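Provided below are the primary sequence and the corresponding predicted coordinates.
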Amino acid sequence: MATRLVEMMSSYFGDEPASSTVISTLFDPSTLCPSVPIVAYSPTWEIVSDPNRLAKTYVFEDQGSLKLFVEDLLGYQSDVDHFAKMIIENLNVVVEVYTHDINDITELDQEFAVATDEIYNDIQQVGKEKNYDDGFYE
């Protein structure tokens, strides 16, 4: 596929196509600088169909941390103007997100997934600190 793109672009620019070695070097993830600020969405998210969407179940130890998670996620949704479906059952929250305009997963959904994982991890850390500090979650 990359060679075909290079061939198409070479006719546009009038250059000879780049060798496949150059192409594989350019697209080899191991050659990327580790400080590149790109974060892929968590591979623990599941892709569900009809329509294609990202889904993940978050499990909480108590109602307090679940409530903080939902409140933070609602705030994030409002900030980015992109909204997910949340199903709350007992101490579990299922989050499903996709771009409704095209009924598919986009980069915005992947960013949403990363942010949701960060919110969850922050809540889990706060819960651990509160348990040790003042018994907030007891």
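Sure, I can see it.

what's downstream of the least confident helix or strand in the chain by mean pLDDT, the next helix or strand?
None of the helices or strands of the chain scores lower by mean pLDDT, DSSP states H and E than helix 20-26, at a mean of 41. Along the chain past helix 20-26, the next helix or strand (assigned with DSSP states H and E) turns out to be strand 46-48.

what about the chain, any weak spots by pLDDT?
Per-residue confidence of the chain (counting by pLDDT under 70) places the weak regions at 1-43, 129-138.

Which residue ranges of it form strands?
With strands called from DSSP state E, the chain shows them at 46-48, 53-59, 85-89, 92-97.

okay, these in a markdown table with mean neighbour count and distance to Gln77 next?
C-betas here are computed from N, CA, C, even on glycine. Conversion of those to a markdown table gives the following (neighbours: other Cβ atoms under 10 Å; distance: least, Cβ to Cβ, whole Å):
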| stretch | mean neighbour count | distance to Gln77 |
| --- | --- | --- |
| strand 46-48 | 11 | 19 |
| strand 53-59 | 18 | 14 |
| strand 85-89 | 12 | 9 |
| strand 92-97 | 18 | 9 |
